[in-house]
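> need a 3D model of the sequence below.
(4 chains)
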Protein chains: 2
Amino acid sequence: MQSSQTASGTVKKALSVLDQVASFERPVRLNELVEVSPYPKGTLYRMLQTLRSEGMLTYDETKQAYSLGIRLVRLAHTAWTQSSLAPTARPILDALSKSIGETIHLAQLDNAQVLYVDKRNAQRPVEMFSQAGKVGPAYCTGVGKAMLAFLPETELQQVLEQQSYHRFTPHTLGSVQELRDELSNIRTRGYAYDREEHEPGIICIAMPILTRTKRVMGAISVTSTTSRTSLDQLEALAPKMHQAADAIAETAVHWRFPVEQKTKEKMEG
Amino acid sequence: MQSSQTASGTVKKALSVLDQVASFERPVRLNELVEVSPYPKGTLYRMLQTLRSEGMLTYDETKQAYSLGIRLVRLAHTAWTQSSLAPTARPILDALSKSIGETIHLAQLDNAQVLYVDKRNAQRPVEMFSQAGKVGPAYCTGVGKAMLAFLPETELQQVLEQQSYHRFTPHTLGSVQELRDELSNIRTRGYAYDREEHEPGIICIAMPILTRTKRVMGAISVTSTTSRTSLDQLEALAPKMHQAADAIAETAVHWRFPVEQKTKEKMEG
DNA sequence: CCTAATTGTTTCAAATAGTGAAATGATAGT
DNA sequence: ACTATCATTTCACTATTTGAAACAATTAGG
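Residues are numbered from 1 along each chain as shown, chains lettered A, B, ... in the order given. As a prediction, the model looks like this:
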């Protein structure tokens, strides 16, 4: 599962070290890293120093431990603004949230995983990276299935192979075949459900965000609990969600492909 | 103020390219990059390929343009969780927000700039561009000045030199001497004001977050507009903010220096 | 206070990965 | 079809990275 074994290039290597540090989800010491890293101590040490001096890692002197640095947060803000649907979708999500009043997620596919890029909580206001930035499995979440269903076969094939199937609940789809059947249903229905497939008691309805040419851009979902709501009740939200999804796609296309900008004027020193 | 000129190491170089891409704040083409980059085309090209294949950049084929990739968002989520005050401060900010009802920011210093790591909106939201991950100047924002005021002289000196002083409004402090005087006042007063120094009509009161040993961890601020509130009214919030700042510092120290974890169990293949 | 053990840091010749000027493709405009 | 503009590849040259092992610093135990 490691994508970092054959790290030939230096940059690749550095990023794999970053990932390694991230995977600990707590400050980590050099020797701990050595044990799980394919690189020898000296190499790792120098790499950590470089990353640290670049602000990609922070170093806690008293504990002699490295964590991911806040320079990443800064970069991610730009990434989030540039490459995610979140900024364009924001007003639309706000409106949807107001109208529906349940927890809403906006997700995109990132490397066979679901990446949540925005969220509206039932009550609380905007939480940025608290939820945005989180990843989850594609095959057993509403947003994940909604996106998979509309992926071209070749891409779908790849993504399905990369899933590490795990039975989170009794309702989790256990085989690729089951999943494919489900995806087929989703395609005809137009949207997906999560019937407690990821977490017990949690259900959701998820609507893909598609361009006019049916390319998958992302998905939105409305989540609730079995104790509060039934799937039928959620289904009633489908039209509103469909409308929101279309609006997001529409806005995003205009935003990402604005009228040809004249870049005639070169900026000279 | 490029910090990337003397990029000797490959990693350093790669990161400077990332920054370069980020600075455009829109998808950017190779040739545009060439014009502002110290590296020749071939080198840049290969670097972009590497970064792209690593998911740090996304590439829009139709426009032949690079943007920051969503892998950054994923990494940043961990960084935000690990290295920012935001997660620990969250409940405290929530409470403060509820009690005050104005826009609240939580910021930290990142490389001589102010980095906003969390935010609570006012009930009637003030239209302002500031979100988690956003950066701003340290010398003319409330949170910035609050932190600078309690920096040790050596560090302060460095940071002051790195500011690129710009007169955003008629109230912006224009010289290092003015700023130093202001910082001195802040030190005795215990907190900082922003008197429309960054944006016209926007004022704020900012409280530093200090450890018991007076090391600067960050700052919180309450923002309002001149049309709604006066500085005197904001000043009334100082005690509450002080309390919150102390609470955050307290919690953070406990959180960042937890009791020694046993890591005895090695994970073996 | 000393010794042993652990972890962090530096060294240096060898190996490799990165460089960049210039040639080659690809594409859009006239 | 011709030209201009940009992206991509080439290749001899160079500088950076490598990693085993020595060294230093810190911690734990007696």
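> which parts of chain A are strands?
In chain A, the segments counted as strands under DSSP state E are A:57-60, A:65-68, A:103-110, A:113-120, A:135-137, A:192-195, A:202-210, A:216-225.
> per-residue pLDDT, A:Phe129?
The model reports A:Phe129 with a pLDDT of 55.
> revised request: answer the last question for A:Trp255.
For A:Trp255, the pLDDT comes out at 63.
> then A:Glu161?
89.
> what's the burial count for it?
A:Glu161: 9 surrounding residues under other CB atoms under 10 Å in any protein chain shown. Backbone N, C-alpha and C define where each C-beta goes, glycine included.
> so A:Leu106 sits against A:Pro208, correct?
No - with contacts counted by CB atoms under 8 Å, A:Leu106 stays clear of A:Pro208, the gap being 11.8 Å.
> which neighbours do the two share?
Jointly contacting A:Leu106 and A:Pro208 under the rule CB atoms under 8 Å, 6 or more residues apart in numbering or on different chains are A:Gly218, A:Ala219.
> excluding chain neighbours, what is closest to A:Val34?
Distances taken as CB to CB, 6 or more residues apart in numbering or on different chains place A:Lys41 nearest to A:Val34, at 5.2 Å, with adjacent residues excluded.
> counting neighbours, what do you get for A:Phe168?
Counted with other CB under 10 Å, the neighbours of A:Phe168 add up to 15.
> mind checking how far it is from A:Phe150?
23 Å (CB to CB, to the nearest Å).
> looking at the stretch 1-150 of chain A, which residue is nearest DNA strand D?
Nearest to DNA strand D in the stretch 1-150 of chain A, going by CB to the nearest atom of the strand, is A:Gly42, at a distance of 3.0 Å.
> what's the burial count for that residue?
Counted with other CB under 10 Å, residues neighbouring A:Gly42 total 9.
> could you check the pLDDT of it?
Listed pLDDT for A:Gly42 reads 93.
> can you list the strands of chain A in TSV and add mean pLDDT and distance to DNA strand C?
Putting the strands of chain A into TSV (pLDDT from 0 to 100; distance: least, CB to the nearest atom of the strand, whole Å) gives the following:
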stretch	mean pLDDT	distance to DNA strand C
strand A:57-60	91	9
strand A:65-68	93	8
strand A:103-110	89	24
strand A:113-120	85	26
strand A:135-137	86	27
strand A:192-195	96	37
strand A:202-210	95	25
strand A:216-225	93	23
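> show the contacting residues for the residue nearest the centre of chain A.
Closest to where the C-alpha atoms of chain A average out (CA atoms, centre = their mean) is A:Leu115, at 0.4 Å. Applying CB under 8 Å, 6+ apart, we find A:Leu115 in contact with A:Ala107, A:Gln108, A:Leu109, A:Gly133, A:Lys134, A:Val135, B:Ile70, B:Val73, B:Arg74.
> separate out the buried members of those.
Neighbour counting with 16 or more other CB atoms under 10 Å in any protein chain shown marks A:Ala107, A:Gln108, A:Leu109, A:Gly133, A:Lys134, A:Val135, B:Ile70, B:Val73, B:Arg74 as buried within the contacts of A:Leu115.
> ok, the residues you listed vs B:Leu93, which is closest?
Nearest to B:Leu93 among those is A:Gly133, at 18.5 Å by CB to CB.
> what's the pLDDT at the closest one?
At A:Gly133, the model reports a pLDDT of 73.
> that older thread, so how far is B:Ser37 from the residue nearest to A:Val34?
Distance, A:Lys41 to B:Ser37, by CB to CB: 34 Å.
> those two: who's more crowded?
B:Ser37 (20 against 12).
> hmm, stretch A:144-163 touching chain B?
No - judged by CB under 8 Å from any CB of the partner chain, stretch A:144-163 stays clear of chain B, getting no closer than 13.6 Å.
> which residues touch the residue lying closest to A:Ala249 once chain neighbours are set aside?
Closest residue in space to A:Ala249, ignoring its immediate chain neighbours: A:Ile209 at 5.2 Å, by CB to CB, 6+ apart. Shown in contact with A:Ile209 (CB under 8 Å, 6+ apart): A:Leu85, A:Val216, A:Met217, A:Gly218, A:Ala219, A:Ile220, A:Ala245, A:Ile248, A:Ala249, A:Ala252.
> for those, pick the one with the most neighbours.
Counting by other CB under 10 Å, top hit in these: A:Ala219 with 32 neighbours.
> hmm, that residue is touching A:Ala138, no?
No - contact criterion CB under 8 Å: A:Ala219 and A:Ala138 do not qualify, at 10.2 Å.
> what is in contact with the two at once?
Shared contacts of A:Ala219 and A:Ala138 (CB under 8 Å, 6+ apart): A:Gly144, A:Met147.
> who touches the closest residue to DNA strand C within the stretch 51-200 of chain A in this structure?
Going by CB to the nearest atom of the strand, DNA strand C is nearest to A:Gln64 of the stretch 51-200 of chain A, at 4.7 Å. Neighbouring residues of A:Gln64 by CB under 8 Å, 6+ apart: A:Arg29, A:Leu30.
> how close does it sit to A:Leu48?
Distance from A:Gln64 to A:Leu48, counting by CB to CB: 11 Å.
> got any residues that touch both of the two?
Counting by CB under 8 Å, 6+ apart, the residues touching both A:Gln64 and A:Leu48 are A:Leu30.
> any buried residues in the longest helix along chain A, and which?
Scanning chain A for the longest helix, with DSSP state H as the assignment, gives helix A:238-256. Neighbour-count burial for helix A:238-256 flags A:Met241, A:Ala244, A:Ala245, A:Ala247, A:Ile248, A:Ala249, A:Thr251, A:Ala252, A:Val253, A:Arg256 (criterion: 16+ other CB under 10 Å).
> near DNA strand C, which residues of chain A?
Within reach of DNA strand C by CB under 7 Å from any atom of the strand, chain A has these residues: A:8-11, A:29-31, A:34, A:41-42, A:45-46, A:64.
> out of these, who has the most neighbours?
Top of the residues of chain A next to DNA strand C by neighbour count (other CB under 10 Å): A:Val11, with 21 neighbours.
> wait, that residue touches B:Val11, no?
Yes - using CB under 8 Å as the test, A:Val11 is close enough to B:Val11 to be in contact (6.2 Å).
> break down the stretch 1-150 of chain A into its helices, ranges please.
Under the criterion DSSP state H, counting those that start in this stretch, helices of the stretch 1-150 of chain A are mapped to A:10-24, A:30-36, A:41-53, A:71-83, A:86-100, A:142-149.
> mind checking how far the second one is from the chain centre?
Just to be clear, that refers to helix A:30-36. In terms of CA atoms, centre = their mean, to the nearest Å, the centre of helix A:30-36 is found 28 Å from the chain centre.
> do that helix and DNA strand D come into contact?
No - Helix A:30-36 lies out of reach of DNA strand D by CB under 7 Å from any atom of the strand, never closer than 10.7 Å.
> what mean pLDDT does that helix get?
On average, helix A:30-36 scores 92.
> okay, it in CSV with CA atoms only?
C-alpha atoms of helix A:30-36 as CSV (Å, rounded to 0.1, in the frame of the first residue of the first chain):
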residue,chain,number,x,y,z
LEU,A,30,13.7,10.5,14.5
ASN,A,31,14.2,7.0,15.8
GLU,A,32,10.5,6.2,15.5
LEU,A,33,10.6,7.3,11.9
VAL,A,34,13.7,5.3,11.2
GLU,A,35,11.8,2.1,12.2
VAL,A,36,9.1,2.6,9.6
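> packing partners for that helix?
Under the contact definition 3 or more CB pairs under 8 Å, 6 or more residues apart in numbering or on different chains; DSSP states H and E, helix A:30-36 sits against helix A:10-24, helix A:41-53.
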